[in-house]
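> Turn this into a model:
(2 chains)
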Amino acid sequence: DQQVKQNSPSLSVQEGRISILNCDYTNSMFDYFLWYKKYPAEGPTFLISISSIKDKNEDGRFTVFLNKSAKHLSLHIVPSQPGDSAVYFCAASGGAGSYQLTFGKGTKLSVIP
Amino acid sequence: GAGVSQSPSNKVTEKGKDVELRCDPISGHTALYWYRQRLGQGLEFLIYFQGNSAPDKSGLPSDRFSAERTGESVSTLTIQRTQQEDSAVYLCAESRVDTEAFFGQGTRLTVV
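Numbering: from 1, shown residues only, chains lettered A, B, ... in the order given. You can find the predicted model right below:
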């Protein structure tokens, strides 16, 4: 039973446009959400996070939005750059096992020059 | 080094052999996790260490899998009698408690 779902395995966006990556979760105990970026042959790197007490967190070109009622979060990248091409993983933690990150399957973003 | 270091980076082994994967810690990071990513799948939690507390082994897929960590030092993940379905990238991650996890580059294990 997947608790964190990324329903789009891939996404292609033109350079300069906005990339929107979506993530849904089912566990209402999750209270901390993270996005990781992964290049081929490298481990995931932390990108941005959001606590459930907020609905938006912004860091440069990256903004994460959280809709708790819908159990949905999204990562916006604007403007998208070719170097953003990577696999993006959504992760969540919280509840009794608060240290454990539960990951989605990832979305492969391709930014076309 | 400044990052989490894993070795080997690649390992090819014959079915039925044992393998040992290594993770070198970042100083000051007390929590250590092992994850794996099989082809086409997300990151799958395996085991978690926090200081000297008993590890959370709830993610280990079978008793062929085991891991050790002494204090805040090196961790090893051992897979006995490897099977083809064990082929995956095994990722080690570390963090201070309640912060984001920092990942190593992973060990790509191929069981032939």
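> what ranges of chain B fall below the confidence cut-off?
B:1-2, B:29, B:97-98 (pLDDT under 70).
> and if you look at chain A?
Ranges of chain A meeting pLDDT under 70: A:95-99.
> Nearest to chain B within it, name that residue for me.
residue A:43 (3.3 Å; CB to the nearest CB). Every residue, glycine included, has its C-beta placed from N, CA and C.
> doesn't residue B:102 make contact with residue B:6?
No: counting by CB atoms under 8 Å, residue B:6 does not reach residue B:102; the two are 11.8 Å apart.
> Mind checking which of the two has more residues around it?
Set residue B:6 next to residue B:102 and count neighbours by other CB atoms under 10 Å in any protein chain shown: residue B:6 wins out with 23 against 19.
> ok, residue B:32 - contacts?
By CB atoms under 8 Å, 6 or more residues apart in numbering or on different chains, the contact list for residue B:32 reads B:23, B:25, B:48, B:49, B:50, B:69, B:75, B:92, B:93, B:94.
> For chain A, what lies in contact range of chain B?
Contact residues, chain A versus chain B (CB under 8 Å from any CB of the partner chain): A:4, A:6, A:34, A:36, A:41-46, A:49, A:89, A:91, A:97-106.
> Buried only: go through the residues you listed for me.
Among those, those classed as buried by 16 or more other CB atoms under 10 Å in any protein chain shown are A:4, A:6, A:34, A:36, A:43-44, A:46, A:49, A:89, A:91, A:100-106.
> Now, these that are in strands?
A:4, A:34, A:36, A:46, A:49, A:89, A:91, A:102, A:103 (DSSP state E).
> Make CSV out of the residues you listed and add distance to residue A:20.
Formatted as CSV, those follow (distance: CB to CB, whole Å):
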residue, distance to residue A:20
A:4, 17
A:34, 17
A:36, 17
A:46, 20
A:49, 18
A:89, 16
A:91, 18
A:102, 22
A:103, 19
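> Cheers, nothing more for now.
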